[in-house]
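Peer 1: got a sequence here, can you build the structure:
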Amino acid sequence: MLSILDRYFLRELAQTVVATVVVLVAIFAGTSFATVLKQVANGSFPASVMFQVLGLNMLDGLSTLLLLAGFIGLLLGLGRMWRESEMHVLASSGMGPRGLLKPIALLALALALLVGLLSLWLGPWAARTSDALVAAANRSVIAAGLDAGRFTELPGKGGIIFVDSLSRDGSVLGKTFVAAERSAKDGTRNLKLVTARRGQLYQESNGDNRFIALYDGWQYEIPLGGDNWRKMRYERNDTSLSSIQNDDSDEDPAHNLDMAALLRADSADARAELAWRAIAPAMMLVLVMLALPMARQSPREPRFGRLLLAVLSFYLYYLLLAVCRGQLMKGHWHHATPMWGVSLLVFAIAAWMFRSQYAARRPRKAGA
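Peer 2: All right, here's what the predicted structure looks like:
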């Protein structure tokens, strides 16, 4: 049964954490949206799946965002109570450290469960779904924004295409017109015009490149600034399309695996990914413990002085775990014991700092 003080602490701290999450998600959404817009401009993503990919990318990164948001939210909430002397009043009323730990432990457990759900299942699911959307865009020109009866720019600056009819799955085209500008080996620019009675979209067996097979039409090659035009009639003419794919160079294939596949895998990347997913809920508990001693401040102390120190401590702890993960990925280590050792060490230091703040002071001797 929760007491009035427990409910008060839970309400105040939960509101601060939720407000911090909203602010950080808004910032993260802005940066992610700028990245996705850049990929759309480069032809890496079609505009039709832009918002789906954006939402899935945000869900994938939410586990790490919640770690920072929960840590900063607790720092801000507890720091306000210390600055406004609420903690001193509660301490003078007989509330010791155990009374503070109970509501915070409940909040920490809820945050750890949420982070675990995101890191173990929802984040990898979002990454797989995002890749599936991009793969579907590679298999259909409809996903690239093509619509019958209007001119459409092909992704990756592949030119302009016009079709008068289109099948439901986007693989069979009616009368087709394609215009593209190309550079020759000598540096001259050529305009390539292709017409066809019908067309069909297909992919290579490995799924890397897409092509449109055009049937029964004419092809014109027009040098810009020249008069040596070339005209050719064909029965079949295959035109390459730029593949729609994620150009993220930091993509980790093991990150997209579900838990069952990850447990069966025996590679260094899989071991590192499994260790990182498993340590995420424990990181939340460690950060909550670290926030308790670092949030304490006097009313005259600068409001954000300790916050800067706390954020630096967070990144130091995060970087230490990232170094351990890197060693696992390189195959230098074969188990995640160092990652858990670092977490236990930080937790022990934070618990010692918290206990020292509430330890009874030894009385000074007379004349000392």
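
Peer 1: what's near enough to touch the spatially most central residue of the chain?
Peer 2: Note on the chain: the residue nearest the mean C-alpha position is Gly61, at 3.2 Å, using Cα atoms, centre = their mean. Counting by Cβ atoms under 8 Å, 6 or more residues apart in numbering, Gly61 makes contact with Phe28, Ser32, Gly123. All C-beta spots, glycine's among them, are computed from the backbone N, C-alpha and C.

Peer 1: now do 10 Å
Peer 2: By Cβ atoms under 10 Å, 6 or more residues apart in numbering, the contact set of Gly61 is Val25, Phe28, Ser32, Leu118, Gly123, Ala126, Ala127.

Peer 1: Tyr202 contacts Asp238, correct?
Peer 2: Yes - Tyr202 lies in contact with Asp238 (Cβ atoms under 10 Å); the separation is 8.7 Å.

Peer 1: where do the contact lists of the two overlap?
Peer 2: When contacts are counted by Cβ under 10 Å, 6+ apart, Tyr202 and Asp238 are jointly contacted by Phe211, Ile212, Ala213.

Peer 1: out of those residues, which is nearest to Phe51?
Peer 2: Proximity of the shared contacts of Tyr202 and Asp238 to Phe51 (Cβ to Cβ) peaks at Ile212, which lies at 26.7 Å.

Peer 1: quick revisit: can you list the contacts of Gly61 in CSV and add neighbour count and distance to Leu66?
Peer 2: As requested, the contacts of Gly61 are exported to CSV (neighbours: other Cβ atoms under 10 Å; distance: Cβ to Cβ, whole Å):
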residue, neighbour count, distance to Leu66
Val25, 17, 9
Phe28, 17, 11
Ser32, 18, 16
Leu118, 24, 7
Gly123, 23, 11
Ala126, 21, 14
Ala127, 21, 17
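
Peer 1: which of these scores worst on pLDDT?
Peer 2: Ranked by pLDDT, these bottom out at Ser32 (86).

Peer 1: just the buried residues of the helix or strand harbouring it, please?
Peer 2: Ser32 is located in helix 4-42, with elements delineated by DSSP states H and E. Neighbour counts over helix 4-42 (16 or more other Cβ atoms under 10 Å) mark 6, 9-10, 12-14, 16-17, 20-21, 24-25, 28, 32, 36, 39-40 as buried.

Peer 1: with stretch 312-320 instead?
Peer 2: Neighbour counts using 16+ other Cβ under 10 Å place Ser313, Phe314, Tyr317, Leu320 of stretch 312-320 among the buried residues.

Peer 1: can you tell me how far the residue nearest to the third one when sequence neighbours are not counted sits from Ala282?
Peer 2: If I follow you right, that is Tyr317. Leaving aside its sequence neighbours, Tyr317 sits nearest to Val346 (Cβ to Cβ, 6 or more residues apart in numbering; 5.5 Å). Distance of Val346 to Ala282, computed by Cβ to Cβ, to the nearest Å: 10 Å.

Peer 1: ditto for Val53
Peer 2: As judged by Cβ to Cβ, Val53 and Ala282 stand 30 Å apart.

Peer 1: same question, Ala322
Peer 2: Distance from Ala322 to Ala282, by Cβ to Cβ: 15 Å.

Peer 1: using PDB, write out every CA atom in the helix or strand encompassing Ser130.
Peer 2: Per DSSP H and E, Ser130 falls inside helix 123-139. This file holds the C-alpha atoms of helix 123-139, laid out as PDB (Å, rounded to 0.1, in the frame of the first residue of the first chain):
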ATOM      1  CA  GLY A 123      13.200  -1.800 -31.500                       C
ATOM      2  CA  PRO A 124      14.400  -4.800 -33.600                       C
ATOM      3  CA  TRP A 125      10.800  -5.200 -34.900                       C
ATOM      4  CA  ALA A 126      10.800  -1.600 -36.000                       C
ATOM      5  CA  ALA A 127      14.200  -2.000 -37.800                       C
ATOM      6  CA  ARG A 128      13.000  -5.100 -39.600                       C
ATOM      7  CA  THR A 129       9.700  -3.400 -40.600                       C
ATOM      8  CA  SER A 130      11.600  -0.400 -41.900                       C
ATOM      9  CA  ASP A 131      13.800  -2.600 -44.100                       C
ATOM     10  CA  ALA A 132      10.800  -4.400 -45.300                       C
ATOM     11  CA  LEU A 133       9.200  -1.200 -46.400                       C
ATOM     12  CA  VAL A 134      12.300  -0.200 -48.300                       C
ATOM     13  CA  ALA A 135      12.500  -3.600 -49.900                       C
ATOM     14  CA  ALA A 136       8.900  -3.400 -51.000                       C
ATOM     15  CA  ALA A 137       9.700   0.000 -52.500                       C
ATOM     16  CA  ASN A 138      12.400  -1.700 -54.600                       C
ATOM     17  CA  ARG A 139       9.900  -4.200 -55.900                       C
END
